[in-house]
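**Q** no sequence on hand, only this structure:
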């Protein structure tokens, strides 16, 4: 049920909703589609929630997330977020 919802949101260019569905519903998560959508979201707060989502759920793919999000996020805010959570050693 949720993977088609994420797909339809992507096709309708509702990237914020597609990313939210993938973060909220694990069966809807697809790494490649997530990376495609995260750089197109309008609400920057979703990007910072994605950082935490990846640290918690997909830490092995965190580097790839940072590679695609690097031009779109405030670097100091991400570093501060990592320090607060204790994950800054990544």
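**A** Noted; the coordinates are in hand. None of these values were measured; they are calculated from a predicted model.
**Q** and the next element down the chain from the longest helix along the chain?
**A** In terms of residue count, the longest helix belonging to the chain (DSSP state H) is helix 44-57. Using DSSP states H and E, the helix or strand that follows helix 44-57 in sequence is helix 62-69.
**Q** so how far is that next one off the chain centroid?
**A** In terms of CA atoms, centre = their mean, to the nearest Å, the centre of helix 62-69 is found 9 Å from the chain centre.
**Q** stretch 44-59 now?
**A** That offset, for stretch 44-59, works out to 5 Å (CA atoms, centre = their mean).
**Q** what of stretch 56-66?
**A** 9 Å.
**Q** with stretch 17-31 instead?
**A** 9 Å.
**Q** ends of it, what's the gap?
**A** Taking CA to CA, to the nearest Å, stretch 17-31 runs 16 Å from one end to the other.
**Q** buried residues in that stretch?
**A** Neighbour counts over stretch 17-31 (16 or more other CB atoms under 10 Å) mark 17, 18, 19, 20, 21, 22, 23, 28, 29, 30 as buried. Every C-beta, even on glycine, is put in place using the N, C-alpha and C of the backbone.
**Q** now do the buried residues in the longest helix of the chain.
**A** Buried positions in helix 44-57, judged by neighbour count with 16+ other CB under 10 Å: 46, 47, 48, 49, 50, 51, 53, 54, 55.
**Q** just checking, what packs against that helix?
**A** If contacts are counted by 3 or more CB pairs under 8 Å, 6 or more residues apart in numbering; DSSP states H and E, helix 44-57 sits against helix 15-24, helix 31-38, helix 62-69, helix 75-85.
**Q** swap in 7 Å and give it another go.
**A** Helices and strands touching helix 44-57, by 3 or more CB pairs under 7 Å, 6 or more residues apart in numbering; DSSP states H and E, are helix 15-24, helix 62-69, helix 75-85.
**Q** tabulate those (CSV), appending distance to residue 38 and mean pLDDT.
**A** Putting the helices and strands packed on helix 44-57 into CSV (distance: least, CB to CB, whole Å; pLDDT from 0 to 100) gives the following:
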stretch, distance to residue 38, mean pLDDT
helix 15-24, 6, 95
helix 62-69, 6, 94
helix 75-85, 13, 89
